[in-house]
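# Need the 3D shape of this:
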Amino acid sequence: MSALYVVAVGAVPPKPLEWIEAAAAEWFPLPVARLPALRMPERAYDPARGQYHSVEILKAVARAAPANTTRILGVTEVDLAIPVLTFLFGQAQLDGPVAVVSLCRLRQEFYGLPADEALLRERAAKEALHELGHTFGLTHCSDTRCSMSLSTDIALVDAKGGRYCPRCGAHLVRRFAALDGEQS
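Just a heads-up that it's a prediction; the model follows:
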């Protein structure tokens, strides 16, 4: 049976992983399971930027995917970037099996504010849904309340909802039906 896996990359506390697993289980009709944590790939760190290359982390997550993986989501605490962007909340293979979400900039502490567990839980779920949506072929949505809306700063993450709009939801239903047909 195929599954959606969640895996920590580096040290990640258990609670955020549980929150992300719960959000995935609510929205995706797949068994959700956690894999043992992965070590941070040494090649991922960019000392000039003080950040981690998300592509290197995506590669490590892809290598860890069991044979029955439908989707796999890496979760990390490190600050992610790619050469053309100063930071990322996450990244995914569009219509592919692998995604990653960073909790770093989702934490209030990153902005010099007191920790807020409820807000972190909400943000982590939104970004997990966003990146997993990409893996099922969803692109950025113009509905700013949709989980698939583009978030280039934390205010945009906070402004969007923790669910898919009707258009994106309908797309997912079609994808899930096709996925179910492939497994029958």
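# How about Leu38: what's its closest non-neighbour residue?
Nearest non-adjacent residue to Leu38, counting by Cβ to Cβ, 6 or more residues apart in numbering: Val9, 4.9 Å away. All C-beta spots, glycine's among them, are computed from the backbone N, C-alpha and C.
# what does the model give the one you found for pLDDT?
With respect to pLDDT, Val9 scores 98.
# May I have the residues that are in contact with Gln51?
Neighbouring residues of Gln51 by Cβ atoms under 8 Å, 6 or more residues apart in numbering: 45, 78-81, 87.
# helix or strand for Pro16, which one?
Remark: Pro16 resides in helix 14-27, with elements defined by DSSP states H and E.
# going on from that helix, what's the next piece of helix or strand?
Sequence-wise, the next helix or strand downstream of helix 14-27 (DSSP H and E) is strand 32-38.
# hang on, the earlier thing: so the residue nearest to Leu38 touches Leu35, yeah?
No: counting by Cβ atoms under 8 Å, Leu35 is not a contact partner of Val9; they are 10.3 Å apart.
# So if I had to pick from those two, which one is more boxed in?
Taking neighbours as other Cβ atoms under 10 Å, Val9 and Leu35 compare with Val9 leading, 25 against 17.
# could you list every residue that touches the more buried one?
37-38, 40, 57, 60-61, 74-76, 78, 100.
# ok, 7 Å please
For Val9, the contact set (Cβ atoms under 7 Å, 6 or more residues apart in numbering) comprises 38, 40, 57, 60-61, 74-76, 100.
# What distance do you get for it to Cys104?
Separation of Val9 from Cys104 (Cβ to Cβ, to the nearest Å): 12 Å.
# before we move on, what about Trp27?
Taking Cβ to Cβ, one finds Trp27 at 23 Å from Cys104.
# quick one, phi psi at Ala92?
Backbone torsions for Ala92, taken as degrees, to the nearest 10, come to phi -150, psi 160.
# Check Ser149 too.
Phi and psi for Ser149, reported as degrees, to the nearest 10, are phi -70, psi 150.
# and which of the contacts of Val9 is nearest His140?
Val100 (17.2 Å; Cβ to Cβ).
# Fine, thanks again, bye for now.
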